[in-house]
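S.K.: Okay, sequence plus prediction incoming.
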Amino acid sequence: MMALTVCGLAPRANAQHAGPKQVLVLNSFKVDEQFAVVTERELPKLLAEGLAGGVDYYTEHFDFIRFPQLEFESLHLDYLRLKYKSRRFDLLILLGGDATEFMSRYRNDLFGGAPAVFYSNTPRPGLADSTGLINTLHFGPSIELALALQPDLKRVYVVSGAAAADQVFERQARTEFRPFEGRVEFTYLSGLKIKELLERLGTLPPHSAVYYVYVSQDGAGENLQQMAFLTRVASAANAPTYSWADAAVETGILGGRRRDQVAQAKTIATLALRVLNGERADAIPVSSPNTDVDQVDWRQLRRWGLGESRVPAGARVLFREPSIWDRYQRYIIGAVVLMLAQTTLIAGLLVQRRARQQAEIESRRNLALAADASRRLTMSALTSSIAHELGQPLSSMIHNAQAGRIMITADRSTPDAMGEILSDIETEGVQAAQIIDRHRAMLRGHQLDTKPIDLHAVIDESLALVAHDMRARQIEASVNLSSTPCIITGDQVLLQQVLVNLLMNAMDAMTETPPARRRVTISTELRAADVAVSVRDAGSGLPAQIDGALFAPFVTTKAHGLGIGLTITQTIVEAHRGTIDARDNPDGGATFTVTLRRSGTQEIRSGPASVA
């Protein structure tokens, strides 16, 4: 297939006139030929871009290949003379040899010797005041491409037509194929009837290929449209088809060394603009640019099972279906980045979680040690109370034992009297043992051990622990408990530690309070879902300097305090899913209130080393 491009040039006498340049394109082929479509799309745009005043662009199509009769020349001549009799063209662009020959005979008559730029496959002498491009056809390079794609290729079947022009192309092909005859066998299917040719192409042996040269007429004299017939050839052949034809894009051929039609149009436009911008056409040498490029149809590679890796470097692969990566590259990269970010985030969170768990374990361990130290410190402060509590039952036991010995010595003992004495000793011993157990529980390391307990019993035990110390400090204890038992699920020892801490803090707060006003009031308020235990004192109130940090670790106003008592108290309460708060009383002093869920309203958090 021949490709042509034409650019307009102003006539000498009118070269400098203002306004758009007048350009007429005379095309040898019909309007829907592929190259005609490309040049019609590209040339007006390229010329307009290169001309300050724009371009007035006209096109005519001869279609001499299908209508070669001489009588049509006169009709074309009359048609052009009538249509353009009032036009003076700055440039004629002649696409194809037939248009060039026609203008070499009639240009002066039609267009007053307007300069011309021609594009042809073969030299066209005899056209004065012109320049052009001779783009020689090349058949051999397509065989090189076929051998690259089909390394096992043994036979090439060459298709050409019966017309004289077809035979010219075949002779050129035979010349260019001779260097390959030692590598492959060539069989020329020349001038066959359509049916015979298509049947032959459907029964080719393995390791074959088809090369389409040019068929404008078959052996029966039927004129053929080139690209339509090439499509039939490629469809009928049972082997890959190659061609040089620059328009053979959608015909089903595998590939070939073909013209780059856009590059051709740009080359023609560049030459035309030189003439339109003032250069003499006959002063510009005729050139022969090579715009051929290897082209491969990706769909045909798949059809024939040929790997794309065999495509030579620099070849164009047409119609490649985009891979998932090509289609969704941004999304895939985004998803991978997102997944990596999520993975990094999750890994960071896991590391952070592990570190937090380790910190919590360490914190609980430290808190356990601190809680144990706090209990020991509290019990140390209650030493006199412990001694006093144990002193009473021990003294009673001693007196009862002495009385019994006297009665035995005086021989005045009776079974009833001795039984009464021994019963008293037993009662006092049990009381002493309970006192020792109560204090030992407070001194022993402890973990959360929940069970239903009566909060009133916890209050009684706590008051018993500090009773002697309260009397020694001249502090009166007032108890205001609800009439209904306060049953909660909790740990008796730890809750006892909470109340003892609060009672000890209340007593410490009233050091400067006059004895007559020293009073600690413990009260309970039973609600629908919880119970509130309040410890109220008449001391100096909450210290202003630790506002907001009352329960923070190591914050204290006591000279010898550790600053962990209230922190431990809050931890124990929270382990029971409760709350603790403190407020100043309107009439002086402070009130600490512990709120705990009643039994059956929620589960208590439990586990080893929760508190100590």
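M.R.: Received, thanks. The model shown is predicted, which means the values in this text are computed figures rather than measured ones.
S.K.: make it CA atoms for all contacts and neighbour counts henceforth
M.R.: Fine.
S.K.: pLDDT weak spots in the stretch 1-150 of the chain?
M.R.: 1-18, 65-66, 68-70, 123-126 (pLDDT under 70).
S.K.: all helices of the stretch 251-400 of the chain, in order?
M.R.: 261-276, 298-303, 324-381, 383-409 (DSSP state H, counting those that start in this stretch).
S.K.: And the second one, what's buried?
M.R.: It refers to helix 298-303. Buried residues in helix 298-303, defined by neighbour count with 16 or more other CA atoms under 10 Å: Trp298, Arg299, Gln300, Leu301.
S.K.: okay, now His156: neighbour count?
M.R.: Rather than His, residue 156 is Val. Using other CA atoms under 10 Å, Val156 has 24 neighbouring residues.
S.K.: Tell me the bridge partners for it.
M.R.: Val156 forms beta bridges with Phe186, Ala209, as assigned by DSSP bridges.
S.K.: List the contacts of it.
M.R.: By CA atoms under 8 Å, 6 or more residues apart in numbering, the residues touching Val156 are Val184, Glu185, Phe186, Thr187, Ser208, Ala209, Val210, Tyr211.
S.K.: these two touch, right, the second one and Leu153?
M.R.: No: counting by CA atoms under 8 Å, no contact exists between Glu185 and Leu153, whose distance comes to 9.3 Å.
S.K.: Pick out whichever of the two has more residues nearby.
M.R.: Leu153 (17 against 14).
S.K.: The residue nearest to that one when sequence neighbours are not counted: what's it in contact with?
M.R.: Take Leu153 and drop its neighbours on the chain: the residue closest to it by CA to CA, 6 or more residues apart in numbering is His207, 4.8 Å away. Listed by CA under 8 Å, 6+ apart, the contact set of His207 reads Gln150, Asp152, Leu153, Lys154, Arg155, Ala239.
S.K.: and the fifth one, how many neighbours?
M.R.: Pointing back at Arg155 there. Counted with other CA under 10 Å, residues neighbouring Arg155 total 19.
S.K.: Buried members of the contacts of Val156 into ChimeraX, please.
M.R.: Those of the contacts of Val156 that count as buried under 16+ other CA under 10 Å are selected in ChimeraX with:
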select :184,186,208,209,210,211
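S.K.: for the contacts of Val156, which one is nearest Gly132?
M.R.: Closest approach between the contacts of Val156 and Gly132, by CA to CA: Tyr211, at 29.5 Å.
S.K.: is it fair to say the closest one lies in a helix?
M.R.: No: residue state for Tyr211 (DSSP: H, G, I helix; E, B strand; the rest coil) corresponds to strand; a helix is not indicated.
S.K.: For it, give me its contacts.
M.R.: In this structure, Tyr211 makes contact with Val156, Tyr157, Val158, Val159, Thr241, Tyr242, Ser243, judged by CA under 8 Å, 6+ apart.
S.K.: Quick one, which of the residues you listed has the minimum pLDDT?
M.R.: Lowest pLDDT among the contacts of Tyr211: Ser243, with 91.
S.K.: can you give me phi and psi for that residue?
M.R.: phi -160, psi 160 (degrees, to the nearest 10).
S.K.: neighbours of it, just the number please.
M.R.: 25.
S.K.: let's number from 557 now, not from 1
M.R.: Sure thing, new numbering starts at 557, so read that last one as Ser799.
S.K.: show me the contacts for it.
M.R.: Ser799 neighbours (CA under 8 Å, 6+ apart): Phe695, Ser698, Tyr767, Tyr768, Val769, Ile809, Gly811, Gly812, Arg813, Arg814.
S.K.: I'd like to know which of those residues is nearest to Ala1146.
M.R.: Of all the contacts of Ser799, Ala1146 sits closest to Gly811, with 97.1 Å by CA to CA.
S.K.: quick check, Pro761 in a strand?
M.R.: No: under the criterion used here (three-state DSSP), Pro761 is coil, not part of a strand.
S.K.: quick one: the strands in the stretch 957-1106 of the chain?
M.R.: Remark: strands assigned in the stretch 957-1106 of the chain by DSSP state E, counting those that start in this stretch are 1007-1010, 1032-1036, 1043-1046, 1075-1082, 1086-1092.
S.K.: element containing Gly738?
M.R.: Using DSSP states H and E, Gly738 sits in no helix or strand.
S.K.: now do Arg1153
M.R.: Judged by DSSP H and E, Arg1153 forms part of strand 1146-1153.
S.K.: Tell me what angle that strand forms with strand 1086-1092.
M.R.: Orientation of strand 1146-1153 against strand 1086-1092 (axes from the mean of the first three to the mean of the last three CA atoms, to 10 degrees) gives an angle of 160 degrees.
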